[in-house]
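Student: what's the 3D shape of this:
(one chain, ligands or ions: 2)
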Amino acid sequence: MDAIVKNFPQTTRDSDRPSQQEAEEAVRVLLRWVGDDPTREGLLETPARVVKSYRELFSGYDMAAEDVLGRTFEEVAGYDDMVLVKDIPFFSHCEHHMVPIIGKAHVAYMPDGRVLGLSKIARVVEIYGRRLQTQETMTAQIARAIDDTLNPRGVAVMIEAEHMCMAMRGVQKQGSTTLTTTFTGTFKTEPADQARFMSMVRSR
Ligand SMILES: Nc1nc2c(ncn2[C@@H]2O[C@H](COP(=O)(O)OP(=O)(O)OP(=O)(O)O)[C@@H](O)[C@H]2O)c(=O)[nH]1
Ligand SMILES: [Zn+2]
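Tutor: Numbers count the residues shown, from 1 in each chain. Ligands and ions are numbered 1, 2, ... in the order given. Take a look at the predicted model:
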């Protein structure tokens, strides 16, 4: 099973994807649709640039969290308390409007013998961030990926983000923050663990 299919039911196989030329043509259509002229000098290279930047901004479709989380360590002198990586910045795009979501993720787990490389937690945030998202889905996906691959005693994920679709357009409310949380295992069953996670996230 290739990584993309394993990773995400809604991702497209490479063979089903439009060509770069087709994607560039779609950008030209949008440029005409907003009222500009894709043949003027300043816009000639724009479709190619947009497609290239989409490759980067949506590179999460080509990566699987399971591959990143596969490498774990056991030699931690019996450490079994919470591991929290907080304030992980990310950029995503909302699946409704395809405009940016800008936020921070806080990710914790309670190890059960094995721990993750710390950078891998940030990489998982990156993998799910670089897709079209709702904040709720992204929060749940990060928690589930860590839960499924590491089998810790519990996972806690909090995301705080500003949605540009609410700031730049539509209801036009700048500066509002949306908070979402997913708790599994001990973070779900033990109020004290959940409270400690919240206070560690909040402490500066
Ligand atoms: N639950 C959730 N909603 C989101 C997220 N990102 C954007 N939205 C919302 O998705 C909704 C889409 O609503 P629609 O009425 O279909 O679209 P719209 O006419 O563009 O809505 P307005 O933004 O209110 O103008 C809006 O209320 C957005 O604020 C997200 O991550 N989670
Ligand atoms: Zn939106």
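Student: Poorly predicted segments of the protein, please.
Tutor: Scanning the chain for pLDDT under 70 picks out the ranges 1-11.
Student: Tell me the residues on it that lie near ligand 1, please.
Tutor: The chain comes close to ligand 1 at residues 94, 96, 134, 135, 136, 163, 165, 166, 170, 171, as judged by C-beta under 6 Å from any ligand atom. Heads up, the C-betas are built off the backbone N, CA and C, glycines and all.
Student: buried subset of those residues?
Tutor: Buried by 16 or more other C-beta atoms under 10 Å: 94, 134, 135, 163, 165, 166, out of those.
Student: Among these, which lie within strands?
Tutor: Counting by DSSP state E, the part of these found in strands is 94, 163.
Student: and the gap between whichever residue of the chain sits closest to ligand 2 and residue 101?
Tutor: Per C-beta to the ion, the residue of the chain with the smallest distance to ligand 2 is residue 165, at 2.8 Å. Residue 165 sits 8 Å away from residue 101, taking C-beta to C-beta, to the nearest Å as the criterion.
Student: got it, and residue 198?
Tutor: Taken as C-beta to C-beta, the span from residue 198 to residue 101 is 22 Å.
Student: Counting neighbours, what do you get for the closest residue to the residue of the chain closest to ligand 2 other than its chain neighbours?
Tutor: In this structure, residue 165 finds its nearest non-sequential neighbour in residue 97, 4.1 Å apart by C-beta to C-beta, 6 or more residues apart in numbering. Other residues lying near residue 97 total 16 when counted by other C-beta atoms under 10 Å.
Student: next one: residue 192
Tutor: Neighbours of residue 192 (other C-beta under 10 Å): 8.
Student: That one: what's it in contact with?
Tutor: Not one residue lies near residue 192 by C-beta atoms under 8 Å, 6 or more residues apart in numbering.
Student: Would you mind listing the residues in contact with residue 163?
Tutor: 94, 99, 101, 135, 178.
Student: Columns distance to ligand 2 on top of these, output as TSV?
Tutor: Shown next, in TSV, are the contacts of residue 163 (distance: C-beta to the ion, whole Å):
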residue	distance to ligand 2
94	3
99	6
101	8
135	10
178	11
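Student: can I see the domain layout of the chain?
Tutor: The chain breaks down into these structural domains: 3-57, 75-202 (assignment by automatic domain parsing).
Student: Kind regards, and thank you for your time.
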